[in-house]
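Asks: task: produce atomic coordinates for the following.
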Amino acid sequence: MSVQPISRRKFLTQATTAALTLPLALSGRGLCQSPRSLPTRRRLREIGIVIGTLPTGKWNAITDVPGVKVGHCTRNEGDGELIIGRGPIRTGVTVILPNDDVFRENLTAGRFVMNGNGEMIGLGSVDQRGLLQSPVFLTDTSNIGRVMNGAMTWFLRTYPEIGDSMPVPVPLVAETWAGFLHDVAGRHLNDEHVLAAIQDAQSGPVHEGAVGGGVGMVCYDFKGGIGTASRVLPERHGGYTIGVLVQTNHGSREQLMINGVPVGREISDLQTVEGKKSKSILLIGATNAPMIPSQLQRLCKRMAFGLARTGALSSHSSGDLLLFFSTGVKVKRHDFPLEKNKSNVGVMTEIEIFNDEWITHAHQAAMEAAEEAILNALCMAETTTGINGNTAYALPIERLQGIMRKYGRL
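Replies: Got it, this is the predicted structure:
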């Protein structure tokens, strides 16, 4: 019996369809929880603490960068003793869509590793070409492969050319460890959750705290998670916006500094149990300034300054991973099917590049936005109890205000 050859496109479609069918059949409850809005949780500026001197964008979020959208899928389910495969579940997916069609219209990007005990996969195009060709997905460590698979399902559904006339993309997925609160061995994410996060992506205010990829995260021994902030450069320096989104899971209590105040030493109670070793953070930056990869890598390093200003040491066990992209430089792919009578010849295009003489102002913006994004994650995350009763307590807002008054900062 002869065997008929199968195209790469058909093979990939069949494989991902099979991978998606089983999770859909097994799922007996809602995909994602809606983020809760608690009246006791307020962002840093809402309690009177201002970081830096540059103005924020409209939403003080990465979504202030035109075209950038953020979505979450949150799984916060079950209580009690850990039963592997059943929970409690404290995980999710956060996705950053850099533009409406990043696979066809790549963006310049750069990255930096402060400490490499973590993973950000799908960086081949960033490292080799200085280009971002995928949305950015954030999750917990044990789900990085599952989120990558879900991202591939989305790619294949969105771009039918993949596998035939188009190369197969590698989704960009990053992780931090959720083992203090989450059934990590059970994993609990599937293609459907990734697709739901993408469907949720929108501009405007961003849900922060214990949402999406940040559900299971702990920061400075308080509850951590997702945070964001933005800055706008002066008009004389282009008036561009710089936004940062973080997934915080780092630091020890005594390290925490807020606007120069040793808050971690002032609040010595509300501690997590001994042995919690979560020390990682993901920092994702975006700007509409037309920057080349080397400039964006410099902004990554200034986000690290913002991290340091909150007290972090970037410890031996940390996965402190940073990525920055620009929506101001778009590189259209020429390996998509061409219009009839078009030759497959590259076109030289003149573009304006951000003036390096102004970049110090962008450095300041990246630093301030990163610092405030981390602190917003702390301010917005609510107390969360996970496996075996492990509890990560929320930063107490009223006590924080009292401490800041004590040091003359409010």
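Asks: distance from stretch 129-141 to the middle of the chain?
Replies: Averaging C-alpha coordinates over stretch 129-141 and over its chain gives two centres that are 9 Å apart (CA atoms, centre = their mean, to the nearest Å).
Asks: please apply the same query to stretch 149-160.
Replies: Here stretch 149-160 is found 20 Å from its chain centre; the criterion is CA atoms, centre = their mean.
Asks: over to stretch 105-122?
Replies: From the chain centre to the centre of stretch 105-122 is a distance of 11 Å (CA atoms, centre = their mean).
Asks: then it to CSV, C-alphas only?
Replies: As requested, the backbone C-alpha atoms of stretch 105-122 are provided in CSV (Å, rounded to 0.1, in the frame of the first residue of the first chain):
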residue,chain,number,x,y,z
GLU,A,105,4.9,43.0,10.7
ASN,A,106,7.9,42.3,12.9
LEU,A,107,9.1,44.9,15.4
THR,A,108,12.6,45.7,16.6
ALA,A,109,13.4,44.2,20.0
GLY,A,110,16.3,43.6,22.4
ARG,A,111,16.7,41.6,25.6
PHE,A,112,18.9,41.3,28.6
VAL,A,113,19.5,38.7,31.4
MET,A,114,20.3,40.0,34.8
ASN,A,115,20.4,36.5,36.3
GLY,A,116,19.7,33.4,34.2
ASN,A,117,18.0,30.9,36.5
GLY,A,118,14.8,31.2,34.5
GLU,A,119,13.5,30.7,31.0
MET,A,120,12.3,32.9,28.2
ILE,A,121,11.9,30.7,25.1
GLY,A,122,11.4,31.7,21.4
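Asks: show me what the mean pLDDT comes to for the longest helix anywhere in the chain.
Replies: When secondary structure is assigned using DSSP state H, the longest helix within the chain turns out to be helix 359-380. Throughout helix 359-380, pLDDT has a mean value of 98.
Asks: remind me, longest strand of the protein?
Replies: In terms of residue count, the longest strand belonging to the chain (DSSP state E) is strand 319-332.
Asks: parallel or antiparallel, list what pairs with that strand.
Replies: In the sheet containing strand 319-332, the strands it pairs with under DSSP bridges are strand 105-116 (antiparallel), strand 280-287 (parallel).
Asks: what are the buried residues along that strand?
Replies: 319-331 (16 or more other CB atoms under 10 Å). Every residue, glycine included, has its C-beta placed from N, CA and C.
Asks: how about those, which pair is most distant?
Replies: The widest separation within the buried residues of strand 319-332, taken as CB to CB, falls between Gly319 and Lys330 and amounts to 30.2 Å.
Asks: buried residues in stretch 166-174?
Replies: For stretch 166-174, the buried set under the neighbour-count rule, 16+ other CB under 10 Å, comprises Met166, Pro169, Val170, Pro171, Leu172, Val173, Ala174.
Asks: show me those residues that map onto strands.
Replies: Per DSSP E, strands hold the following members of the buried residues of stretch 166-174: Leu172, Val173, Ala174.
Asks: who touches Ala366 in this structure?
Replies: For Ala366, the residues meeting the contact criterion (CB atoms under 8 Å, 6 or more residues apart in numbering) are Arg231, Ile242, Val244, Gly285, Leu299, Cys300, Arg302, Met303, Gly306, Phe324.
Asks: Lys223 too?
Replies: Lys223 makes contact with Gly209, Ala210, Met217, Leu378, Ala381, Glu382, Thr383, Thr384, Ala392, Tyr393, Ala394, Leu395 under the criterion CB under 8 Å, 6+ apart.
Asks: reformat those residues as TSV; add secondary structure, neighbour count and distance to Leu189.
Replies: Shown next, in TSV, are the contacts of Lys223 (DSSP: H, G, I helix; E, B strand; the rest coil; neighbours: other CB atoms under 10 Å; distance: CB to CB, whole Å):
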residue	secondary structure	neighbour count	distance to Leu189
Gly209	strand	28	19
Ala210	coil	30	16
Met217	coil	35	15
Leu378	helix	27	25
Ala381	coil	30	20
Glu382	coil	16	21
Thr383	coil	16	23
Thr384	strand	25	18
Ala392	strand	29	20
Tyr393	coil	19	26
Ala394	coil	21	24
Leu395	coil	26	27
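Asks: pick the one among those residues closest to Cys32.
Replies: Ala210 (13.0 Å).
Asks: and the closest residue to Pro169 other than its chain neighbours, how many neighbours?
Replies: With CB to CB, 6 or more residues apart in numbering as the measure, Phe155 is the residue that lies nearest to Pro169, at 5.4 Å, once sequence neighbours are left out. The tally of other residues near Phe155 (other CB atoms under 10 Å) stands at 22.
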